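Undergrad: sharing a model that was predicted from the sequence below.
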Amino acid sequence: MVETTGRSGPLAGMRVIELAHIMAGPVCGLMLADMGAEVIKVEKMDGDDTRRTVPPALEGESAAYMMMNRGKRGLSLDLKNPDGLAVLRRLLGTADALIENYRGGTMERLGIGYDTLRQEFPALVYCSLSGFGRTGPYADRAGFDLVAQGMSGLMSVTGEGPGRPPMKCGPPVTDITAGILAAMGVLAAYVHRLKTGRGQAVDTSLFEAGITHTYWQSAIAMATGIAPGPMGSAHPLNAPYEAFATADGWITIGAANQTNWLRMLKAIDAEALAEDPRFALNRDRMANRHELAATLAPIFSAETSEVWLGRLEAGGVPAGPVLDVNAMHRDPQTLAREMVVEVEHSRVGRMKTLGLPVKFSDTPGRVHGPAPLLGEHSRAILGEAGYTAAEIDGLIDRGVVRETAA
């Protein structure tokens with residue numbers, strides 16, 4: 001069971017209603033939950049679509065769903081039923097924030113759009129996530145990470161190099177970043193509410209989340225009029241700053257300034273390259289980036305990753321191995337930073353999930369529990385809202401609320 005009292009973190013005491021599905025909205029909710037907020041995830045009667053994103057599954061529960069929704073309490077509610085909307089309104093009377101990522105117009109058709117709810121709950125922070133934002137010519141378009149990556153410019157700068165097919169970033173970065181931006185927006189609006197007593201609407205999108213990842217490339221385009229293209233693992237402004245093959249794998253090297261360039265040359269016994277006019281300064285190295293990479297490649301391929309990383313670390317050069325996800329999970333720094341933690345799931349039992357990426361000295365947050373089964377906490381949440389056992393039974397019998405026993 002997810003804890004309902006004694007939650008730790010700087011947001012302890014905050015209550016959030018999450019009317020969100022798939023990824024961007026749930027990312028916002030899990031960030032707030034890990035920082036101590038009580039997040040009540042309100043799902044449709046057949047559940048968040050991510051519950052059907054399988055394989056993989058553990059004991060019939062979607063691994064993807066459990067990752068995105070750990071630490072939340074679960075209520076399954078029919079919002080197309082007036083009784084379901086009445087339940088939601090009662091919960092909103094006790095809430096600080098609402099998160100929703102339905103397609104534009106859905107909340108309004110249900111009678112719970114921002115303009116309506118602000119009249120009933122003027123202190124409510126109302127956060128909307130969407131593909132393109134709630135204003136502008138694309139406001140009514142459906143949005144997915146792939147589409148947002150393409151339209152935000154990310155796919156134009158991701159890939160092996162010019163002339164190659166466009167490539168998306170491996171993770172759904174616009175979904176995840178939109179969720180993080182939304183959490184930031186909710187917290188800023190919550191601070192304003194604590195000062196003034198007034199809530200407000202918070203609006204962000206996958207499209208804008210993608211755009212924020214183009215700061216360097218946009219700076220170049222705005223200054224030169226030329227849109228940068230893909231560069232593999234290389235950097236658009238500094239060199240050498242990319243991945244190199246070794247005798248047994250790949251390493252990344254961030255010799256992104258003159259000091260680290262000279263340190264790297266010393267570490268790899270190639271100090272003569274400092275006198276090569278093609279590579280003297282960063283502007284020279286960028287102008288001759290391909291020649292630089294071709295010069296360094298045979299040096300790095302002559303030794304193992306372990307050898308090079310040892311020498312580079314001793315020389316003070318930023319560098320690291322290219323790890324797969326399993327290796328990242330086992331890395332001692334990952335474990336030291338508590339980025340892999342264990343929770344006790346009602347059906348699966350002890351299982352691993354990712355941890356909170358923000359640490360607090362005085363009010364530490366944490367993953368407060370697993371993802372809920374569909375409707376796992378419906379009865380408890382309604383009881384806390386003042387419904388009697390008979391009323392809850394009636395809502396369940398009429399199909400307004402769904403309950404799943406642990």
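TA: Yes, it's here.
Undergrad: show the contacting residues for the residue nearest to the spatial centre of the chain.
TA: Centroid-nearest residue in the chain: I176, 2.8 Å away (criterion: Cα atoms, centre = their mean). Shown in contact with I176 (Cβ atoms under 8 Å, 6 or more residues apart in numbering): M23, A24, V27. C-beta here means a position set from N, CA and C on the backbone, and glycine is covered the same way.
Undergrad: can we see that at 7 Å?
TA: If you count contacts by Cβ atoms under 7 Å, 6 or more residues apart in numbering, I176 has them with V27.
Undergrad: then the one 4 residues further on?
TA: Under the criterion of Cβ under 7 Å, 6+ apart, the contact partners of I180 comprise V27, M31.
Undergrad: separation between it and Q333?
TA: The spacing between I180 and Q333, counted by Cβ to Cβ, to the nearest Å, is 21 Å.
Undergrad: returning to what we had before: tell me the mean pLDDT over the helix or strand containing the residue nearest to the centre of the chain?
TA: Assigned by DSSP states H and E, I176 belongs to helix 173-196. The average pLDDT within helix 173-196 is 98.
Undergrad: quick check: the residue nearest to the centre of the chain vs M222, distance?
TA: 26 Å.
Undergrad: could you pull out the helices for the stretch 201-350 of the chain?
TA: 206-212, 215-224, 258-267, 282-287, 289-300, 305-314, 325-330, 332-336 (DSSP state H, counting those that start in this stretch).
Undergrad: those: which one's closest to F144?
TA: Nearest of the helices of the stretch 201-350 of the chain to F144, taken as Cβ to Cβ: helix 206-212 at 7.5 Å.
Undergrad: pull that closest one out as CSV, backbone CA atoms only.
TA: Output of helix 206-212 as CSV, limited to C-alpha atoms (Å, rounded to 0.1, in the frame of the first residue of the first chain):
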residue,chain,number,x,y,z
LEU,A,206,5.7,18.3,-25.9
PHE,A,207,6.4,20.8,-28.7
GLU,A,208,7.8,23.4,-26.4
ALA,A,209,9.7,20.7,-24.4
GLY,A,210,11.5,19.7,-27.6
ILE,A,211,12.3,23.3,-28.5
THR,A,212,14.0,23.8,-25.1
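Undergrad: starting at the chain centroid, how far to it?
TA: 12 Å (Cα atoms, centre = their mean, to the nearest Å).
Undergrad: which residues are in contact with stretch 348-362?
TA: Here stretch 348-362 has contacts from 10, 34, 58-59, 61, 67, 70, 338-345, 365-367, using Cβ under 7 Å, 6+ apart.
Undergrad: if we go to 8 Å?
TA: By Cβ under 8 Å, 6+ apart, stretch 348-362 touches 9-10, 34-35, 58-59, 61, 66-67, 70, 329, 337-345, 365-367, 370.
Undergrad: of those residues, buried ones?
TA: 9-10, 34-35, 61, 66-67, 70, 343, 345, 365-367, 370 (16 or more other Cβ atoms under 10 Å).
Undergrad: surely I251 meets A319?
TA: Yes - assessed by Cβ atoms under 8 Å, I251 is found in contact with A319 at 5.8 Å.
Undergrad: common neighbours of these two, please.
TA: Joint contacts of I251 and A319 (Cβ under 8 Å, 6+ apart) are W308, L309, L312.
Undergrad: pop the domain breakdown of the chain in here.
TA: Using automatic domain parsing, the domain parsing of the chain gives 15-213+331-402, 241-245+250-321.
Undergrad: what is the neighbour count of the closest residue to A64 other than its chain neighbours?
TA: Nearest non-adjacent residue to A64, counting by Cβ to Cβ, 6 or more residues apart in numbering: T53, 4.4 Å away. The number of residues packed around T53, counting by other Cβ atoms under 10 Å, is 16.
Undergrad: list the contacts for T53?
TA: Contacts of T53 (Cβ under 8 Å, 6+ apart): S62, A64, Y65.
Undergrad: turn the residues you listed into a markdown table, including neighbour count, pLDDT and secondary structure.
TA: Below are the contacts of T53 laid out as a markdown table (neighbours: other Cβ atoms under 10 Å; pLDDT from 0 to 100; DSSP: H, G, I helix; E, B strand; the rest coil):
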| residue | neighbour count | pLDDT | secondary structure |
| --- | --- | --- | --- |
| S62 | 22 | 98 | strand |
| A64 | 20 | 98 | helix |
| Y65 | 24 | 98 | helix |
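Undergrad: tell me the one of the residues you listed nearest R263?
TA: A64 (42.4 Å).
Undergrad: wait, doesn't that closest one sit right on T50?
TA: Yes - contact between A64 and T50 holds when scored by Cβ under 8 Å: they sit 5.3 Å apart.
Undergrad: what is in contact with the two at once?
TA: The contact sets of A64 and T50 do not overlap (Cβ under 8 Å, 6+ apart).
Undergrad: with that, I have no additional questions.
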